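# Coordinates for the following, if possible.
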Amino acid sequence: MSLSREQEIEIEAAVFRRLRDHLRARSDVQNIDLMNLAGFCRNCLSNWYREAAEASGETMSKEASREIVYGMPYDEWRALHQKEAGDDKLAAFEQNRPKDESEPR
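This is a model prediction of the structure:
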């Protein structure tokens with residue numbers, strides 16, 4: 001199967017929207033759990049969104065990109081859904097968190 005570049009973009013955009021909507025619906029899944037299991041979270045996704053917008057010449061604030069991913073202002077989402085992370089999750093995060101590319105792994 002051979003897709004045109006336009007078809008690839010449309011499919012990738014649909015996949016992004018599905019992932020975004022899935023993460024919005026699964027507010028029970030905490031960002032630290034996503035980071036510990038998958039190495040990315042909603043904040044990472046919003047950062048990638050902002051970076052892509054800026055790469056295409058659009059200025060976007062961190063708050064605006066987070067609202068796109070969270071479906072509401074980030075502080076509101078945190079107040080409604082974020083729970084305190086236990087010591088075990090924090091320790092796992094510290095051990096597994098992504099390193100700056102300049103840092104040794």
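# Based on its surroundings, how many neighbours for the nearest residue to Leu23 once chain neighbours are set aside?
In space, and not counting its chain neighbours, Leu23 is closest to Arg42: 5.6 Å by Cβ to Cβ, 6 or more residues apart in numbering. For glycine as for every other residue, the C-beta is placed from the backbone atoms N, C-alpha and C. Residues near Arg42, counting by other Cβ atoms under 10 Å, number 21.
# What are the buried residues along the lengthiest helix in the chain?
With DSSP state H setting the assignment, residue counts place helix 5-25 as the longest helix in the chain. For helix 5-25, burial by neighbour count (16 or more other Cβ atoms under 10 Å) applies to 20, 23.
# ok, residues contacting it?
3, 29, 42, 45, 68-71 (Cβ atoms under 8 Å, 6 or more residues apart in numbering).
# Give me the subset of those lying in helices.
Reading helices off those with DSSP H, I get 42, 45, 68-70.
# residue contacts, the residue nearest to Leu23?
23, 31, 34, 66, 69-70.
# same deal with Ile68?
Counting by Cβ under 8 Å, 6+ apart, Ile68 has contacts 20, 46, 49.
# can you list the contacts of Arg42 in CSV and add distance to Asp88?
Shown next, in CSV, are those (distance: Cβ to Cβ, whole Å):
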residue, distance to Asp88
Leu23, 23
Asn31, 16
Leu34, 16
Arg66, 27
Val69, 26
Tyr70, 25
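# CA atoms only for the longest helix of the chain - export them in CSV, please.
The C-alpha atoms that make up helix 5-25 are tabulated as CSV, following Å, rounded to 0.1, in the frame of the first residue of the first chain:
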residue,chain,number,x,y,z
ARG,A,5,1.9,12.5,1.8
GLU,A,6,-1.5,14.2,2.3
GLN,A,7,-3.0,10.8,3.3
GLU,A,8,-0.2,10.2,5.8
ILE,A,9,-0.8,13.6,7.4
GLU,A,10,-4.5,13.0,7.6
ILE,A,11,-4.1,9.6,9.2
GLU,A,12,-1.4,10.8,11.6
ALA,A,13,-3.6,13.7,12.6
ALA,A,14,-6.5,11.3,13.3
VAL,A,15,-4.3,9.1,15.3
PHE,A,16,-3.1,12.0,17.4
ARG,A,17,-6.7,13.1,18.0
ARG,A,18,-7.6,9.6,19.1
LEU,A,19,-4.7,9.4,21.5
ARG,A,20,-5.4,12.9,22.9
ASP,A,21,-9.1,12.0,23.4
HIS,A,22,-8.2,8.7,25.0
LEU,A,23,-5.8,10.4,27.5
ARG,A,24,-8.6,13.0,28.2
ALA,A,25,-11.0,10.2,28.9
